[in-house]
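> Sequence first, then the predicted structure:
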Amino acid sequence: MLHLCEEAPPIEHAPERRLRVAVVTETWPPEVNGVAMTIHRLVAWLGRRHRVTLIRLRQGHADQGTAIPGVDTLLLPSVPLPRYHELRMGLPSVGRLRKLWRARRPDVVHVITEGPLGWSAVRAANALGIPVISDFHTNFHQYTAHYGMGLFKPVALRYLRNLHNRTLLTLVPTRTLAEGMTRQGFERMDVLARGVDTELFHPDHRRSALRASWGVKPDDPVLLMVSRIAPEKNLPLALQAYERARERVPGARMVIVGDGPARASTAAAHPDIHFAGMRTGRSLAEHYASADIFVFPSLSETFGNVTLEAMASGLAVVAFDYAAAREHIIGSRTGRTVACGDDRGFVEAVAELAGDRLQTNRLATAARERALEIDWSRICERYEAFLEQCLETDHG
């Protein structure tokens, strides 16, 4: 039996046998979010060592999903997510998955997302006696309050708990999240951390021309937020922090990278803020590195990959003390964390850094050093070990 946060040994050699792994997800690149990025990296690595079938949603009529050589892909129908139409969710597909897995039985099924397709995969795998593990990436039950559906939070939490407790193991990105979910009745939790691409996200991508296009002088601080522009991301607090920073340093500027349902209204109300839209790859890396202070006010994350990307890019990060920030911002050496709910402390921390170039630079250097310690290869090896342990547990 796997225990909470038990250390799975890394595997540095070729696997003893090639597993047949079915990975089921309702998000996939080119969709831009931490879940899509993480699972793409894990599947690409796993596909070089095992026989992997990726089961994902068709992303609209002209699917642009990223292909991985050597990984078979099955596309299933999808519909727009209610009240968030740029995202899509799957449809119930229990019968189709049971038929598929009877014909080509996988050794293990990994369910990444908890929508109708994910639930269907858990039911189909359970019915056929196939070992299944799951991921918990997004606090959907917390999002209900931000979309006027707070009464449904207990229902959403019960749905998630029932789904995950039907699997042999649920992987989460932090120890704190595993412990919190265990208190809420989730069973068999363990931690699979996140890594960061320190070659892509690098201070060397700082561009003076890009900063000039934002209307800042060389020594003016730039506050950056990279996020979906949506109610659950606590954007009003970032705007408060920006206003306070400008009181201290009139030349301070704020840049927001991302898109979402609240972008148009926020941009109309704040013409002094530069909205850069959705950015990926090298352009995203240049936006990170060309800023100075990363402002991350969200309280709805399970992890927050953007925190690691900002640290790797050499930014001083201000975030609440949970998720990735709790894992990787050590004391006040690699960034600034504020107790969850301390809005005033958050605003003042951002303003203090905006007015203190030396402290900002010191935190930025230490953040980059910390990011260099987070190696994706070991995380992928730990993932493989979890798959193999689940097979041993199921057969035991």
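Happy to help now that I have it.
> pull the helix or strand with minimum mean pLDDT from this protein.
The least trusted helix or strand in the chain, going by mean pLDDT, DSSP states H and E, turns out to be helix 140-146, with a mean of 41.
> Flag every buried residue along the helix or strand hosting residue 386.
Residue 386 is part of helix 376-395 when elements are defined by DSSP states H and E. Neighbour counts over helix 376-395 (16 or more other C-beta atoms under 10 Å) mark 376, 379-391 as buried. C-beta coordinates here come from the backbone N, C-alpha and C atoms, glycine included.
> got TSV for those, with distance to residue 183 and pLDDT too?
As requested, these are exported to TSV (distance: C-beta to C-beta, whole Å; pLDDT from 0 to 100):
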residue	distance to residue 183	pLDDT
376	30	88
379	25	91
380	29	93
381	30	92
382	24	93
383	25	95
384	29	95
385	26	94
386	22	95
387	27	95
388	29	93
389	24	90
390	24	87
391	29	86
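> residues in contact with residue 315?
224, 288-289, 291-294, 364, 367 (C-beta atoms under 8 Å, 6 or more residues apart in numbering).
> tell me the pLDDT at it?
Predicted confidence (pLDDT) for residue 315: 98.
> residues near residue 26, how many?
Neighbours of residue 26 under the rule other C-beta atoms under 10 Å: 25.
> Now it. Nearest residue, chain neighbours left out?
residue 113 (4.2 Å; C-beta to C-beta, 6 or more residues apart in numbering).
> Mind checking what secondary structure residue 52 has?
Here residue 52 is strand, with the state taken from DSSP: H, G, I helix; E, B strand; the rest coil.
> Now the element after the least confident helix or strand of the chain, going C-ward?
Helix 140-146 is succeeded, C-terminally, by helix 153-164 (DSSP H and E).
> other SSEs contacting that following helix?
helix 116-128, helix 140-146 (3 or more C-beta pairs under 8 Å, 6 or more residues apart in numbering; DSSP states H and E).
> and the helix or strand following that helix, which strands flank it?
Proceeding N to C from helix 153-164, the next assigned helix or strand is strand 169-172, under DSSP H and E. Here strand 169-172 has these sheet partners by DSSP bridges: strand 132-135 (parallel), strand 189-191 (parallel).
> which residue sits closest to residue 330, ignoring its sequence neighbours?
residue 370 (7.0 Å).
> Count the neighbours of the one you found for me.
Neighbours around residue 370, by other C-beta under 10 Å: 20.
> ok so, going back, give me whichever of the strands paired with strand 169-172 is most buried.
Among the strands paired with strand 169-172, strand 132-135 has the highest mean neighbour count (mean count of other C-beta atoms under 10 Å), at a mean of 26.
> Which per-residue confidence value corresponds to the nearest residue to residue 387 once chain neighbours are set aside?
Counting by C-beta to C-beta, 6+ apart, residue 108 is the residue found nearest to residue 387 once chain neighbours are left out, at 5.4 Å. For residue 108, the model assigns a pLDDT of 97.
> pretty sure residue 108 contacts residue 389?
No: the pair residue 108 / residue 389 is not scored as a contact, 10.2 Å apart, by C-beta atoms under 8 Å.
> Pull out the buried residues from the helix or strand hosting residue 275.
Secondary structure from DSSP H and E places residue 275 in strand 274-277. Buried residues in strand 274-277, defined by neighbour count with 16+ other C-beta under 10 Å: 274-276.
> Which one of these is nearest to residue 202?
Checking the buried residues of strand 274-277 against residue 202 by C-beta to C-beta gives residue 276 as the nearest, at 18.7 Å.
> Quick one: residues contacting that closest one.
255-257, 287 are the contacts of residue 276 under C-beta under 8 Å, 6+ apart.
> so what's the residue nearest to residue 387 up against?
For residue 108, the contact set (C-beta under 8 Å, 6+ apart) comprises 19-22, 130-133, 387, 390-391.
> Now do the helix holding residue 386: which elements does it pack against?
helix 34-47, strand 108-111, strand 132-135, strand 169-172.
> how is this protein carved up into domains?
Split into domains by automatic domain parsing, the chain comes to 20-195+375-395, 203-371.
> looking at the ones you listed, which one has the lowest mean pLDDT?
Among those, domain 20-195+375-395 carries the lowest mean pLDDT (a mean of 87).
> What is the neighbour count of the residue lying closest to residue 258 once chain neighbours are set aside?
With sequence-adjacent residues excluded and distances taken as C-beta to C-beta, 6+ apart, residue 258 is closest to residue 227, at 4.9 Å. Using other C-beta under 10 Å, residue 227 has 23 neighbouring residues.
> I'd like to know how far the residue nearest to residue 387 sits from residue 169.
Separation of residue 108 from residue 169 (C-beta to C-beta, to the nearest Å): 10 Å.
> Mutual contacts of these two, please.
Shared contacts of residue 108 and residue 169, defined by C-beta under 8 Å, 6+ apart, comprise 133, 390.
> hmm, back to that, max pairwise distance over the contacts of residue 276: which two?
Using C-beta to C-beta, the pair of those lying farthest apart is 256 and 287, separated by 9.9 Å.
> Have a look at those two and say which one is more surrounded.
Taking other C-beta under 10 Å, residue 256 and residue 287 do not tie; residue 256 has more neighbours (26 against 23).
> Residue 229 is in contact with that one, correct?
Yes: if you go by C-beta under 8 Å, residue 256 and residue 229 touch, sitting 6.8 Å apart.
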